[in-house]
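Visitor: predicted model, plus sequence, below.
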Amino acid sequence: MTSFTTPTYPSPQIVMQAKGLVKRYGQVTALDGADFELRAGEILAVIGDNGAGKSSLIKCLSGATIPDEGEIHLDGKVINFRSPIDARLSGIETVYQDLAVAPAMSIAENLFLGRELRRSGLLGLLGFIDKKKMLEESISRMNDLKVGIRSMTQAVETLSGGQRQCVAVGRAAAFAQHVVIMDEPTAALGVKEGNMVLELIRRVRDKGLPVVLISHNMPHVFEVADRIHIARLGKRAAVVNPKKISMSDTVAVMTGAKSVSDLPEDVLAH
């Protein structure tokens with residue numbers, strides 16, 4: 001049986017950390033000594049202009065890319081992901097912009113996609129799926145996250161874009177033991193559905209899972225982020241406190257129009 005418990009950490013413990021990550025693609029250096037820190041119980045937004053290295057950073061953290069240099073730590077221990085499966089086995093779940101859901105399958109089936117529960121005894125050994133248990137767990141988990149979906153047995157293709165994203169986020173939250181990474185989760189959603197997903201992200205954080213949020217939507221970033229990691233030219237330019245810095249100053253640092261040294265000390269998040 002799959003456990004849905006998540007660990008609790010004394011704040012501000014660093015759950016995940018990267019030091020000096022370097023990733024080259026031929027003559028192009030995507031990451032040039034990038035650092036990263038994710039604390040327990042926070043939503044950390046990662047922003048950056050095109051070519052800043054944020055996508056390469058997230059791929060390294062989620063196991064999709066192997067860095068050429070540098071280290072990644074999880075709970076203080078060095079880890080070496082060789083694939084996204086390694087990251088998943090370490091309790092790191094990623095929700096991508098292009099939703100990895102099977103439209104013709106039910107919500108419950110999607111939540112357990114690739115991790116189906118087997119029936120006990122001989123039937124399980126023969127490969128029979130425990131659909132009843134999967135349905136019960138799905139209902140419990142989605143209710144826990146307060147996702148208002150009528151029935152876990154309805155096909156995902158009957159859902160709106162925002163509801164489909166909630167299914168993807170709910171699946172990640174169900175199986176993550178350490179970190180949930182979300183890549184542009186509100187992209188292509190309307191205002192109402194975008195707000196629905198933002199509220200779900202807050203609930204995931206409040207349940208004890210730190211969240212890494214990659215987004216171009218600055219109002220959304222400022223609405224939910226506890227800290228903002230600004231990537232620029234393959235490095236971490238700064239980590240700022242959204243309650244202390246304006247959106248315009250944040251964008252100025254992101255684009256290079258303003259130096260970090262020009263910012264008041266209290267806007268930097270330590």
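Guide: Thanks, I have the structure now.
Visitor: Ile79 reaches Pro67, doesn't it?
Guide: No - when contacts are counted by C-beta atoms under 8 Å, Ile79 is not listed as touching Pro67 (11.6 Å). For every residue, glycine as well, the C-beta is placed using N, CA and C.
Visitor: and Arg232, how far from Met254?
Guide: Using C-beta to C-beta, to the nearest Å, Arg232 is found at 6 Å from Met254.
Visitor: repeat for Arg150
Guide: From Arg150 to Met254 the distance is 41 Å (C-beta to C-beta).
Visitor: settle it for me: which of those two has more neighbours?
Guide: Neighbours of Arg150 and Met254, each counted by other C-beta atoms under 10 Å, are more numerous for Met254; the result is 21 against 10.
Visitor: show me what counts as buried in whichever strand or helix holds that one.
Guide: Using DSSP states H and E, Met254 sits in helix 247-255. Residues of helix 247-255 classed as buried: Asp249, Thr250, Ala252, Val253, Met254 (neighbour count, 16 or more other C-beta atoms under 10 Å).
Visitor: dump that helix to PDB, keeping only the CA atoms.
Guide: Extracted in PDB, the C-alpha atoms of helix 247-255 (Å, rounded to 0.1, in the frame of the first residue of the first chain):
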ATOM      1  CA  MET A 247       8.000  43.500  -8.900                       C
ATOM      2  CA  SER A 248       9.700  46.100 -11.100                       C
ATOM      3  CA  ASP A 249      13.000  45.800  -9.100                       C
ATOM      4  CA  THR A 250      12.800  42.000  -9.300                       C
ATOM      5  CA  VAL A 251      12.400  42.200 -13.100                       C
ATOM      6  CA  ALA A 252      15.200  44.700 -13.300                       C
ATOM      7  CA  VAL A 253      17.600  42.300 -11.500                       C
ATOM      8  CA  MET A 254      16.400  39.400 -13.700                       C
ATOM      9  CA  THR A 255      17.100  41.300 -16.900                       C
END
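Visitor: got a list of contacts for it?
Guide: Here helix 247-255 makes contact (C-beta atoms under 8 Å, 6 or more residues apart in numbering) with 47-49, 52, 218-219, 222, 228, 230-232, 237-238, 240, 242, 257-260, 263, 267.
Visitor: just these: which are in strands?
Guide: Judged by DSSP state E, the contacts of helix 247-255 include Ile47, Gly48, Ile228, Ile230, Ala231, Arg232, Ala237, Ala238, Val240 as members of strands.
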